[in-house]
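S.K.: When you get a sec, could you give me coordinates for this:
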Amino acid sequence: MLWQAVYRNFLETLATIEKQRYQWSCSDYWKSYSEVIPSEKHMESKTETFTEEGYNSRIRHHLARFKRKGKCYSKSKTMLENSLKLLFLKLNNQLNI
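M.R.: Numbering: from 1, shown residues only. Below you'll find the predicted structure:
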């Protein structure tokens, strides 16, 4: 089922994050977040996630490899990083193409 795949992916991502040292995590009010993120490190607030979601939306708009349900994707971390660098240079009017 789709929800199981999404939940499994979320747990894998959370496990990766937990290996790193972080002070706190921001999320929206989705119930599942509060079930797996310790309350002392979890801040539920649309205010804290609004800007990040805006950036994510803009990236998905411009780069096919970041769109959901797409066939375009990168296997190379270097190519992903280069794509983002080029996009941000273009959006900041620092790239003349």
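S.K.: now the helices: where do they sit in this structure?
M.R.: Here the chain has its helices, by DSSP state H, at 2-19, 31-36, 46-62, 77-91.
S.K.: which residues touch the residue sitting nearest the centre point of the chain?
M.R.: Geometric centre of the chain, nearest residue: Asn56, 6.7 Å, by CA atoms, centre = their mean. Neighbouring residues of Asn56 by CB atoms under 8 Å, 6 or more residues apart in numbering: Phe66. The way it works is simple: take the backbone N, C-alpha and C, and place the C-beta from them, glycine included.
S.K.: Can you tell me how far it is from Asn9?
M.R.: 16 Å (CB to CB, to the nearest Å).
S.K.: swap in Ser34?
M.R.: 18 Å.
S.K.: More neighbours: the two, which one.
M.R.: Remark: of Ser34 and Asn9, Ser34 carries more neighbours, 13 against 10, as counted by other CB atoms under 10 Å.
S.K.: Contacts only, for the nearest residue to that one once chain neighbours are set aside.
M.R.: Once flanking residues are discounted, Ser34 sits nearest to His42: 6.4 Å by CB to CB, 6 or more residues apart in numbering. Taking CB under 8 Å, 6+ apart, we find His42 in contact with 24-25, 27, 33-34.
S.K.: what about burial for the residues you listed, which qualify?
M.R.: By neighbour count, with 16 or more other CB atoms under 10 Å, the contacts of His42 hold 25, 27, 33 as buried.
S.K.: ok, the first one touching Lys41?
M.R.: Spelled out, it's Ser25. Yes: under the criterion of CB atoms under 8 Å, Ser25 makes contact with Lys41 at 5.8 Å.
S.K.: Give me the pLDDT value at Leu86.
M.R.: Listed pLDDT for Leu86 reads 91.
S.K.: Could you count how many residues lie near the residue lying closest to it once chain neighbours are set aside?
M.R.: Leaving aside its sequence neighbours, Leu86 sits nearest to Leu95 (CB to CB, 6+ apart; 6.7 Å). A total of 12 residues lie near Leu95 under the criterion other CB under 10 Å.
S.K.: Over to Leu95: give its phi and psi.
M.R.: phi -120, psi 120 (degrees, to the nearest 10).
S.K.: Check the spacing between it and Leu84 real quick.
M.R.: 13 Å.
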